[in-house]
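Peer 1: sequence first, predicted coordinates after that:
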Amino acid sequence: MANVKNANASEGTFSRKPFISKDGVDDKGIRAEVKIVVGYGDVVKIKPSDSGKTNNVEFAVANTEYNPSGYCRDSRIIEVLEKAMESNEPVHFRIETRRKSDVDRSRPFNELDSNRGKEVVKSLAAIRLEGDEEWTLSSDAVTRLDEDPSTSGLISANDQSKDQLGAGSRSAGNTNTRNGEFEPAPYVAKWNGKTNPGSIAVAIPISFYMDIFNYEKERGFELSKDRRKEVAVVMLKIANSLQRAILKKMGHTYNGVDLTAGSHTRARALIFEALRSFYPVNEELLTDEEKFAEWQKNVYMISLAMWEWGAEVAEEYIS
C-alpha cells in the first residue's frame with residue numbers, strides 16, 4: 001500500500017487536508033471561521049472526559065501518523081462508534097475546530113492560539129457509516145456540509161451550470177451539479193424548479209416506509225401498502241412540525257421545512273426513539289384513526305420535550 005504512514009490503520013482510510021468553513025451569523029452579522037477535517041478512519045479510542053459529560057474520539061488513518069480526534073457529547077453517536085470499534089468498521093468523520101465562546105469572532109482562524117486548546121475546541125461534528133446516504137450530525141456541529149469547497153482544490157466547469165458559468169459566479173443558481181446540468185448533489189432538494197430525484201428529501205419518505213415495514217415484521221403484523229404509505233407520510237409531517245417548532249423556540253428566523261438539514265435528521269431520530277421507548281405501535285393502533293391520532297400527539301409532545309431539554313443542556317454547557 002503506497003504512502004502508508006500508519007501501518008495500524010485499515011487500508012483505504014484517510015484524512016483530507018484541513019479547510020476553513022464558517023459557522024452561523026451572530027447578531028453582528030459575523031460568521032466566524034472554523035477549521036474542518038474530514039476523513040475515513042478506524043475508531044481507535046473513545047475516552048470519557050474527567051467530568052463524564054463528553055468523550056474524546058480518536059480515528060486512525062493510513063495517510064498520517066497523527067490521529068484526528070474530537071469531542072462528542074451525543075450518546076447515540078457514541079453508541080454507533082462503539083459498535084464500529086468492536087467490529088473494526090471504519091467510519092467517515094467530520095471534525096470541527098472552532099473558537100471558544102469568549103474569543104473574538106472576527107479574528108481569522110489562523111491567528112488563534114490552538115496550543116493546549118487555549119482559544120479553540122475540537123468537536124466531532126458528524127459521522128457516517130459506509131453505505132449510509134446521510135451524515136449524522138452532532139448537536140455541536142456549527143458548519144454546513146453544502147458549503148464545503150471542492151476536495152480537489154480545483155474548480156471544474158463540469159460542477160457548474162451554464163447559468164453559473166455565464167454569470168461568472170460560483171454560487172449563481174446554486175445547483176451544485178456534479179455532471180454539468182445532469183443532476184445536483186443529494187443535499188439540493190429542488191433543481192430547476194422541480195424535485196431533485198437524487199435528493200435526500202426523496203429518500204426520507206421511502207426510509208419511513210421501510211422502517212415501518214421492518215417494524216411490522218418484528219412485531220408480527222402486516223399493514224396494507226396504502227396504509228403503510230399513509231403512516232409514513234404522517235411520520236414525515238410530525239418530523240416537519242418538530243423541526244419548525246424547535247427552530248422557532250431557539251429564535252431562528254427560518255420558518256420553512258428543510259428535509260436535508262441536520263435538525264430534520266434529529267427530528268426523525270427522536271420520533272423513532274419515542275416509538276421504541278415510549279409509544280410502541282401495533283396493528284390495532286395503526287388501523288384505528290382515533291387511537292392513531294392520540295399516538296401522533298403523544299409522539300410529537302415527547303419528542304419535542306426531549307429536544308427542548310437537549311437544547312437547554314447544550315446552551316448551558318456548550319463551550
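Peer 2: Nice, thanks for sending it over. What you see is a predicted model, and the numbers here were worked out from it, not measured in a lab.
Peer 1: contacts only, for the residue nearest in space to the middle of the chain.
Peer 2: For the chain, the residue nearest the mean C-alpha position is L137 (2.8 Å; C-alpha atoms, centre = their mean). By C-beta atoms under 8 Å, 6 or more residues apart in numbering, the residues touching L137 are 125-126, 262, 265-266. The C-beta positions use only the backbone N, C-alpha and C, and glycine is treated the same way.
Peer 1: which regions of the stretch 201-319 of the chain sit below the pLDDT cut-off?
Peer 2: For the stretch 201-319 of the chain, applying pLDDT under 70 flags the ranges 253-255, 318-319.
Peer 1: wait, a helix at F59?
Peer 2: No: according to DSSP: H, G, I helix; E, B strand; the rest coil, F59 belongs to no helix; its state is strand.
Peer 1: that one and Y66 touch, don't they?
Peer 2: No: in this structure F59 lies outside contact range of Y66 using C-beta atoms under 8 Å: 10.1 Å.
Peer 1: neighbour-wise, which of these two wins?
Peer 2: Taking other C-beta atoms under 10 Å, F59 and Y66 do not tie; F59 has more neighbours (27 against 13).
Peer 1: any idea which element the closest residue to the more buried one other than its chain neighbours lies in?
Peer 2: Nearest non-adjacent residue to F59, counting by C-beta to C-beta, 6 or more residues apart in numbering: G41, 3.2 Å away. Secondary-structure assignment from DSSP states H and E places G41 in strand 31-48.
Peer 1: so which other helices or strands are in contact with the longest helix seen in the chain?
Peer 2: What stands out as the longest helix in the chain, according to DSSP state H, is helix 289-317. If you count contacts as 3 or more C-beta pairs under 8 Å, 6 or more residues apart in numbering; DSSP states H and E, helix 289-317 packs onto helix 225-249, helix 262-277, helix 283-287.
Peer 1: list the buried residues for the longest one?
Peer 2: Along helix 225-249, these residues count as buried under the neighbour rule (16 or more other C-beta atoms under 10 Å): 228, 231-232, 234-236, 238-247.
Peer 1: show me the contact partners of that helix.
Peer 2: 204-205, 208-209, 212-213, 216, 223, 254-259, 261, 263-264, 267-268, 270-271, 286-287, 292, 296, 299-300, 303-304, 307-308, 311.
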